[in-house]
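**Student:** Make a model of this:
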Amino acid sequence: MEDPFGAYEADFGAVRTPLVNNYRSSPALVKIQGVLARALDDKAVPPKSKSTGSISGDSCAIWDFTTPAAEAKALAWFVASEMAAYKLKPRDFALLVRMRAADFVKVLEPAFAAKGLSLRNEAAMVGEVELQVLLAEDFSQLLTVFLRLATMEQAGPRWTACIDELCFLWGLTEENTAEQARAARELDLFTVQFRAAYPMPAADKADAMVKFVIDFVGRQNIVSASPAYHNGDWLDQVIDAATRHLQASCSGAKYWTEALNRYEGLDSVPLMTVHKSKGLEYHTIIFVGSRIRLCSIFKARPTKRRQASSSLSVGRVSAPFLLIYLLCGPRRPQYDRAGVKTFQKG
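**Tutor:** Residues are numbered from 1 along each chain as shown. The predicted structure follows:
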């Protein structure tokens, strides 16, 4: 429908209230958002930041490099330094690429390893599913929360999350206290039985461990709770991918915490594609190998502008505090209109 809000205003005398408050991005990033938004749409309403910045210096910058090796070395140093200075974790960062993530990993991984950092390609395929897609899947998240509960001695908050999830999947209301008490007892029994059967992570038992969780929760309950699993074989693909990923995560792990941290990538800096990163949020977003030319975006037709600005929108939404574009070679887009500085990094 063309201009649905205008039609609603005309038919019902409605008053349009622009939503301009941004509760996630720092004031400096929001200011840049406003400049870029008006360049793309001259009717855009300037956003207002309701967040407090947590870093000093520039919140958005372009780093221009002459070689990929210099780019990789500087990026690894920067991430390690920021983690130390601001007590950040590896997953507070995200490296975004448009495509060919594996090619970037080959260049970046040795530099990160030299700084004691693990880099994980979350655009890689696990069975028929991309890893970054798998981690966001309902079943994968359900599996990890139940495994965390069943394998940890002190898991109070996770017990609450599991009982809430179980009541939802089993269709138990708050008023049905007797059934909720039964669910709590069964959950306790589940943890005892799982811990007895799998006291340590075992890669060769990944199939059985996943089946243990599914049998307890109920496959049909999982299907009913997620519309994406209603038709086709998507759930089967997700279960297969989750099993493969759990097997790889358990391989060589001595303790369950280590295995599940690997599964969720808690100790690795994620590298993923721009498209699949939508909806995620990180402290610092770094676009690697960027080929965005803002001067072309500003002059393009409206439809082309929307397409070309998609990666900009992802970065602006996903990085509350810091946004960096890495350029290598002749790529020199003009960010001056947005007040973004370019730094020659070697």
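**Student:** quick one, helices of the stretch 201-346 of the chain?
**Tutor:** Per DSSP state H, counting those that start in this stretch, the stretch 201-346 of the chain carries helices over the ranges 206-217, 219-225, 234-250, 256-264, 294-299, 302-308, 310-318.
**Student:** Can you tell me what sits against the first one?
**Tutor:** By CB atoms under 8 Å, 6 or more residues apart in numbering, the residues outside helix 206-217 that reach it are 142-143, 146-147, 166, 169, 186, 190, 194, 197-198, 202, 222, 239, 242-244, 246-247, 250. From N, CA and C alone the C-beta is placed, and that goes for glycine too.
**Student:** Tell me how far the helix or strand harbouring D103 lies from the chain's centre.
**Tutor:** Applying DSSP states H and E as the criterion places D103 in helix 101-114. Between the centre of helix 101-114 and the centre of its chain there are 19 Å (CA atoms, centre = their mean, to the nearest Å).
**Student:** what packs against that helix?
**Tutor:** Using 3 or more CB pairs under 8 Å, 6 or more residues apart in numbering; DSSP states H and E, the elements in contact with helix 101-114 are helix 68-86, strand 93-97, strand 118-121, strand 268-273.
**Student:** in that helix, what counts as buried?
**Tutor:** By neighbour count on 16 or more other CB atoms under 10 Å, the buried set for helix 101-114 is A101, F104, V105, V107, L108, E109, A111, F112.
**Student:** Touching, the fifth one and L271? I think so.
**Tutor:** Spelled out, it's L108. Yes: counting by CB atoms under 8 Å, L108 does reach L271; the two are 7.2 Å apart.
**Student:** Overlap in contacts, these two.
**Tutor:** With CB under 8 Å, 6+ apart, L108 and L271 have common neighbours L95, L119, V288.
**Student:** Of those - the most surrounded one?
**Tutor:** L95 (29 neighbours; other CB atoms under 10 Å).
**Student:** nearest spatial neighbour of it, skipping sequence neighbours?
**Tutor:** L271 (4.3 Å; CB to CB, 6 or more residues apart in numbering).
**Student:** now do G289
**Tutor:** Nearest residue to G289, sequence neighbours excluded (CB to CB, 6+ apart): V97, at 5.7 Å.
**Student:** Other residues contacting the top helix by length along the chain?
**Tutor:** Under DSSP state H, the helix in the chain containing the largest number of residues is helix 177-197. For helix 177-197, the surrounding residues in contact (CB under 8 Å, 6+ apart) are 146, 149-151, 159, 162-163, 166-167, 170, 172, 174, 209, 212, 216.
**Student:** Among the residues you listed, which pair sits farthest apart?
**Tutor:** Maximum pairwise distance among these (CB to CB): 31.2 Å, between E174 and M209.
**Student:** Give me the more crowded residue out of the two.
**Tutor:** More crowded of E174 and M209, by other CB under 10 Å: M209, with 22 against 7.
**Student:** count of neighbours near the nearest residue to A14 once chain neighbours are set aside?
**Tutor:** Using CB to CB, 6+ apart and skipping the chain neighbours, the partner closest in space to A14 is Y8 (5.2 Å). A count of neighbours around Y8, defined by other CB under 10 Å, yields 12.
**Student:** Please, which helix or strand holds Y8?
**Tutor:** Using DSSP H and E, Y8 falls in helix 4-12.
**Student:** what's the average pLDDT for the helix or strand following that helix?
**Tutor:** Remark: after helix 4-12, the chain's next helix or strand is strand 21-22, criterion DSSP H and E. Mean per-residue pLDDT for strand 21-22: 80.
**Student:** which other helices and strands contact strand 21-22?
**Tutor:** Taking 3+ CB pairs under 8 Å, 6+ apart as contact, the helices and strands that strand 21-22 lies on are strand 48-49.
**Student:** any idea which helix or strand comes after the strand it packs on?
**Tutor:** Per DSSP H and E, strand 48-49 leads on to strand 60-65 as the next helix or strand towards the C-terminus.
**Student:** Partner strands of that following strand and their direction?
**Tutor:** strand 322-328 (parallel), strand 341-344 (parallel) (DSSP bridges).
**Student:** Which of those has the lowest mean pLDDT?
**Tutor:** In terms of average pLDDT, strand 322-328 trails the rest of the strands paired with strand 60-65, at a mean of 60.
**Student:** re the thing from before, ChimeraX command to pick out the buried ones of the contacts of helix 206-217?
**Tutor:** For the buried members of the contacts of helix 206-217, the matching ChimeraX selection, counting by 16+ other CB under 10 Å, is:
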select :142,143,146,147,166,169,190,194,198,222,239,242,243,244,246,247,250
